[in-house]
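Engineer: Just a sequence and a predicted model for now, questions to come.
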Amino acid sequence: MSILIRLSKPLIFIVAIGLLACEASKNVASTPKMDEPLTSNNSLLWQISGNGLKAPSYLFGTMHIISNENYFFGENAKKKVKSAKNVVFEMDLSKVNIVETGLAAIIPGGKSIKDYLSEEDYNEVLIFMKDSMDINPAMFKSAYSKMKPIFLEQFLITKYLGNNPESYETNIGDMAKSQNKKIYGLETFEEQLSFLDKMPIEQQLENLVESIRNFADTRESFNKMIQKYLNQDIEGLGVLINEEDTKEQFYQEELLNKRNTNWIPKLMKYFDEGSTFVAVGAGHLSGPNGVIELLRNKGYKVEPISMD
């Protein structure tokens, strides 16, 4: 499953932030800032109008977790947040209980990944976490090995994010709170958790071990994803997602397509209430099943605008 899909869940992002706060890591070379020219498919910020709306709304594609060096949120994007009545995220992070989130990351029944892996595979994971992620084996065995692999796998991205990652959701949320905006979530904590739990532990472990064994490819995929994002190339991000093999299509359908469809009537309600700024993962925007096309199918005019 692509890193983009695995990182498309704010619930995973919350746990990843916690892990990053505990583990030190090195930065990769800085990637260029968002400096690509605006084209019909080359923007992270979109204006929504027409279909009887009295005021335009806005759609922004986020990267739930990104390095400080690559974080960028332009003045025009900030103005659109300020002009909005409502600010909408995939999930309202202010309503998330960090204790409940931590418990959600634990494998049920008091088990650990060692109960599911062969001795050879488990030792391979243990050695990788020690040598590449600087996690003490004793600490891994007593704590980290008890985490669901889909959460544990997020350690792989810490190699690239450094000690001070940024979150668009957190920063935009803070901005909205300071401006007394109404903040909504398209999904609840329970709904987010149910999506993750649709993936069996065995499949999560297969993804984890595969990512470790093919770490160079994982790194290349991550860098490609970041570069597409910095180029504001949401169509290119969609292409990366669609490169999944057949067995992953089920999860693409569950984590992206079905959720996109479920969001549309909720978004339409917020648009009718007044100008709304929507911030969701960039992977949800493009393609025939993406939020942009689904809104156009409902009669809205959705057009790219500059972030600057």
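Structural biologist: Perfect, thanks for sending it. Only a predicted model underlies this, so the values are computations on that prediction, with no experimental measurement involved.

Engineer: Pairing partners for residue 46 in the sheet, please.
Structural biologist: Counting by DSSP bridges, residue 46 is bridged to residue 59, residue 304.

Engineer: Surely it is in contact with residue 301?
Structural biologist: No - using CB atoms under 8 Å, residue 46 makes no contact with residue 301, being 10.0 Å away. The C-beta positions use only the backbone N, C-alpha and C, and glycine is treated the same way.

Engineer: Between those two, which has more neighbouring residues?
Structural biologist: In terms of neighbours (other CB atoms under 10 Å), residue 46 is the more surrounded of residue 46 and residue 301; the figures are 20 against 13.

Engineer: confidence score at that one?
Structural biologist: Residue 46 carries a pLDDT value of 98.

Engineer: shaky segments in this protein?
Structural biologist: 1-41, 155-163, 243-248, 250-251 (pLDDT under 70).

Engineer: For it, list the residue farthest from the centre, please.
Structural biologist: The C-alpha centroid of the chain is most remote from residue 119, which lies 32.1 Å away (CA atoms, centre = their mean).

Engineer: For it, what are phi and psi?
Structural biologist: phi -60, psi -40 (degrees, to the nearest 10).

Engineer: cool, residue 281 as well?
Structural biologist: In terms of degrees, to the nearest 10, the main-chain angles of residue 281 are phi -50, psi 140.

Engineer: Please enumerate the helices of the stretch 1-150 of the chain.
Structural biologist: Secondary structure of the stretch 1-150 of the chain by DSSP state H, counting those that start in this stretch: the helices cover 3-6, 10-22, 75-83, 98-104, 119-131, 137-142, 149-152.

Engineer: contact partners of stretch 180-193?
Structural biologist: 9-11, 81, 84-92, 94-97, 100-101, 104, 173, 176-177, 259, 262-263, 266-267, 270, 277, 280 (CB atoms under 8 Å, 6 or more residues apart in numbering).

Engineer: joint contacts of residue 46 and residue 301?
Structural biologist: Common contacts of residue 46 and residue 301 (CB under 8 Å, 6+ apart): none found.

Engineer: Tally up the residues packed near the nearest residue to residue 49 once chain neighbours are set aside, please.
Structural biologist: Distances taken as CB to CB, 6 or more residues apart in numbering place residue 56 nearest to residue 49, at 4.5 Å, with adjacent residues excluded. Neighbour count for residue 56, taken as other CB under 10 Å: 19.

Engineer: check contacts around residue 56.
Structural biologist: Applying CB under 8 Å, 6+ apart to residue 56 gives the contacts 47, 48, 49, 275.

Engineer: The residues you listed into CSV, with extra columns for neighbour count?
Structural biologist: Formatted as CSV, these follow (neighbours: other CB atoms under 10 Å):
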residue, neighbour count
47, 16
48, 23
49, 15
275, 18
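
Engineer: what's the closest of the residues you listed to residue 71?
Structural biologist: Comparing these against residue 71 with CB to CB picks out residue 47 as the nearest, at 22.5 Å.

Engineer: give the contact list for the closest one.
Structural biologist: 56, 57, 58, 302, 303, 304, 305.
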